[in-house]
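Visitor: With the sequence up front, the predicted model follows.
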Amino acid sequence: MPETKLTVSGRTKLTVSGGSCVSDETPRGTQPGRRAAVLLRLVLHLAPLAALVVAAVWLGKIASYPVSRVEEALRYPYQLDAEEGYVLWQAVRLASGERLYKTIHTPPYLVENYPPLYPALWALFVRPDAPSLAAGRWISALSALAVALGVGAFILLRDVREGTVSPGSGGAAVQGTEAAAPREGEAPPADTDRGNRLEFYAFSALRISQALVIGWCCPILFLTSYEMLRWVAYTRVDFLSIALTVGGLTVFGLWGQREKSRWGRAAAIVLFALALLAKQTVLAAPAACFLWLLIRERRGALWFALWMGLAALLPVGLLTALTGGQYWLHTVTYNQNVMHWNELWQWWLPHLWRLYHFPIAGAAVLCVWVLFAAWKRRTSRALELVAIYFVLNALSTASVAKSGSAENYLLEPQVALALFLGIGLKHALESMQRRIQFASWPVRQLASSPVGQSDESDRSDPSDPSDRSAPSAPSDQSDPSDRSDLSDPSASRTVRQSALSLPQHSALSPQHSALSPQHSVLSPQHSVLSPQHSVLSPQSSALTVRWMGAVAAAAVLTMLMGHADFFQRVEPALFAGAPRPSFMALQRGHQVRRLVREHPGPVLSEDPIYGILEGRQPELQNFIMTQLAAEKKWDESEFVRRAASREFSLAVTHQDIRDENQVFDRCSPALRHALRENYSLIRTLPRPRPLQTIFVYAPIPQAPR
């Protein structure tokens, strides 16, 4: 075959001889455009990583406060929350072989308003003859740690399964070429030059570091929240139920989202069912999984709903039957309290905005991007699942309007917020770093190919988890260099090979010149304002999604840094404002316990821990029984009669019952009247705020007849 040379402007560009092609031009990796692309790509990786590191350092500085709070609580033997003593009594009864969920119409007047998993677990570590709050607080603290680890694991492990935290950041294979660029997770070809291989692994290390920092920041975002800081020291069911919920969500996200993944979905259902046995209201995660399946796989959604319903309702039916219907009454009927909707607008929503305005604003921006990407069918499965979970939890915050609600109602929404910000930020950064080309976008729109030919950046990439549509077939008329990813270190080799294929296909030939009339960038059919090239057209939907992802990533990073800076200044005040067991509080607890020991007989106490430690059972669960009496679900006349008869050796309250100019939600008017008439104040024990003052009353001695 004769030798053929392609000469442009007096320079030999291509030599074809014997079926082989040899290029005489400078390698692409040494061209100024190539260096600019690498520099741009480096900036797009280093800038977010630097912002994430700053936020991680600021959040890490205040991560010690929850640990200090747990350490203080473990050394304190008395209650920090009004319900801790009653949950301890449930564990003591289970350890003694007694059953829970008895009628409230006979003494003691107690309501077990949560399922039995938490006290049953606690019963394994409690001695009936020496009860203690320590084991319950350990369970809560370890469960909180498991929640944080679950959030980080979901972000990182899901990342690994999608192939984005792996050695390499290769781009899409250029279709129609002999040697394609490596996909995600594949090493560059062996014949790639050393510079490209170093670039390949350098950017891989940057992306792994970025994912690790996100996996650190988002759990710390939850651990440093006010709700977490306040409730991590309490022996309550919340953290155990949320830990099981996050575990189920993680299992479903890693394995259950694959088609016909029976074992992954079965494991998630088991964890969700256990979570419902700890707290009956943690329904957001299984509901999110069901809704995701309903969108993606309707038959799978029906099977998931069937098995989830059986796993959740079967224990309820069994416990209801074994307790003669009392389980349903305790956990459902007696939990239907009055809703104070004015508190939602006057207190809870301002509280959330005051402390979390930065994360809420970042989540709002992410929601807009996710909705648009979902409309264009360019979201990943993990992002869809977490977005649904976040929306459901955001709606559930309305439940804080319930009478007796507290910060624990906002714990799972905080977990959902951290998870959504982490997964959303990761995908937004991937969208910005892997495909979008800021500097080249206007040029690519202007120098577009003929009518009907779309740009490769508008096509879906099977290796990109954010692209779900099928890849388009390659066009024989398009220029391969326009379809490559200039930021891909191995794509330059592919572009060189495809550009050196044949002289008649050179982009410099007259029939393919971008300056020819039929290819003029100023012609009407190639105008950037024409329908074919509109950013809202199907051809450019992927590019629009990626540009919106870049905006979302920048917004979330800014909000994350703002929140970290804000919270490192307010966290010390929040820590100081939480109920802390000071030395004075410890001494006051010892004094009350000594008084209980000196007065044998039943004790009426808002904090039953003092009587439990002395081997006496609680007589009345003050708050909920007062609410049930007001709702006519419980007749308090018998208990009021006992108080009027001075059957209780002591009455321990946190409010002075002699002062009626205050709101009482733990003592009904009839009971207050009986106590005022028959008991006298013998001790007032103030404690550091926010712990309440303790008032101790003893029966008035009866006058001799």
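Guide: On my side now, so go ahead.

Visitor: Pull out the buried residues from stretch 304-311.
Guide: Residues Phe304, Ala305, Trp307, Met308, Ala311 are the ones in stretch 304-311 that count as buried (16 or more other CB atoms under 10 Å). Heads up, the C-betas are built off the backbone N, CA and C, glycines and all.

Visitor: which residues sit in contact with the third one?
Guide: Trp307 makes contact with Arg265, Ala266, Ile269 under the criterion CB atoms under 8 Å, 6 or more residues apart in numbering.

Visitor: quick one: which of those is nearest Ala382?
Guide: Within the contacts of Trp307, the smallest distance to Ala382 is 15.4 Å, found for Arg265 (CB to CB).

Visitor: pretty sure the closest one contacts Gly253?
Guide: No. At 11.2 Å, Arg265 does not count as touching Gly253 under the criterion of CB atoms under 8 Å.

Visitor: Tell me how this structure divides into domains.
Guide: Structural domains assigned to the chain are 238-278+281-331, 583-699, following automatic domain parsing.

Visitor: Counting neighbours, what do you get for Ala63?
Guide: Burial measure for Ala63: 16 neighbouring residues, criterion other CB atoms under 10 Å.

Visitor: Chain neighbours aside, what residue packs nearest to it?
Guide: Residue nearest to Ala63 in three dimensions, not counting chain neighbours: Ile220, with 5.4 Å by CB to CB, 6 or more residues apart in numbering.

Visitor: what's the answer for Glu227, then?
Guide: For Glu227, ignoring the flanking residues on the chain, the nearest one in space by CB to CB, 6+ apart is Glu407 at 4.3 Å.

Visitor: didn't that neighbour look like it was pressed against Trp231?
Guide: Yes. Using CB under 8 Å, Glu407 is in contact with Trp231, at 6.1 Å.

Visitor: between the two, who's got more neighbours?
Guide: Taking other CB under 10 Å, Glu407 and Trp231 do not tie; Trp231 has more neighbours (24 against 19).

Visitor: Who are the contact partners of that one?
Guide: Neighbouring residues of Trp231 by CB under 8 Å, 6+ apart: Ser140, Asp238, Phe239, Glu407, Asn408, Leu411.

Visitor: is it true that the last one touches Leu229?
Guide: I take that to be Leu411. No. Counting by CB under 8 Å, Leu411 sits too far from Leu229 to count as a contact (11.0 Å).

Visitor: Between those two, which contacts overlap?
Guide: With CB under 8 Å, 6+ apart, Leu411 and Leu229 have no common neighbours.

Visitor: sorry, back to before: adding distance to Arg377 and pLDDT, write the buried residues of stretch 304-311 out as a markdown table.
Guide: Shown next, in a markdown table, are those (distance: CB to CB, whole Å; pLDDT from 0 to 100):
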| residue | distance to Arg377 | pLDDT |
| --- | --- | --- |
| Phe304 | 22 | 95 |
| Ala305 | 24 | 96 |
| Trp307 | 29 | 96 |
| Met308 | 27 | 96 |
| Ala311 | 32 | 96 |
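
Visitor: Just name the most buried of the domains of the chain.
Guide: Comparing those by mean neighbour count (mean count of other CB atoms under 10 Å), domain 238-278+281-331 ranks first with a mean of 19.

Visitor: how about low-confidence regions in this structure?
Guide: 1-34, 158-196, 434-541, 703-705 (pLDDT under 70).

Visitor: Show me the strands in it, by range?
Guide: 4-8, 11-17, 20-23, 603-605, 650-653, 679-685, 694-699 (DSSP state E).

Visitor: Surely Leu52 touches Ala211?
Guide: No. Using CB under 8 Å, Leu52 is not in contact with Ala211; the gap is 9.8 Å.

Visitor: contacting residues around Leu100?
Guide: The contact partners of Leu100, by CB under 8 Å, 6+ apart, come to Gln90, Arg93, Leu94, Glu112, Pro116, Pro119, Thr323, His330.

Visitor: run the last query once more with 6 Å
Guide: By CB atoms under 6 Å, 6 or more residues apart in numbering, the contact set of Leu100 is Gln90, Glu112, Pro116.

Visitor: Next one: it relative to Gln346, how far apart?
Guide: 36 Å (CB to CB, to the nearest Å).

Visitor: for Gly589, same thing?
Guide: In terms of CB to CB, Gly589 sits 34 Å off from Gln346.

Visitor: One more: Gly562?
Guide: Noted for Gly562: a distance of 26 Å to Gln346, by CB to CB.

Visitor: who's more crowded, those two?
Guide: Gly562 (16 against 11).

Visitor: any idea how far stretch 332-344 is from the chain center?
Guide: 26 Å (CA atoms, centre = their mean, to the nearest Å).

Visitor: who's in contact with it?
Guide: Contact with stretch 332-344 is made by Val111, Asn113, Ala401, Lys402, Ser403, Gly404, Gln627, as judged by CB under 6 Å, 6+ apart.

Visitor: Make a markdown table out of the domains of the chain and add distance to Met339.
Guide: Formatted as a markdown table, these follow (distance: least, CB to CB, whole Å):
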| stretch | distance to Met339 |
| --- | --- |
| domain 238-278+281-331 | 14 |
| domain 583-699 | 12 |
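
Visitor: out of those domains, which comes closest to Glu571?
Guide: domain 583-699 (16.5 Å).

Visitor: returning to that earlier point: nearest to Phe648, out of the contacts of stretch 332-344: which one, please.
Guide: Val111 (19.7 Å).

Visitor: residues near that closest one, how many?
Guide: Here the number of neighbours of Val111 (other CB under 10 Å) works out to 21.

Visitor: Who are the contact partners of it?
Guide: Counting by CB under 6 Å, 6+ apart, Val111 has contacts His330, Tyr334, Gln621, Ile624.

Visitor: Which among the domains of the chain is found nearest to Asp81?
Guide: Here domain 583-699 is closest among these (CB to CB), at 9.4 Å.
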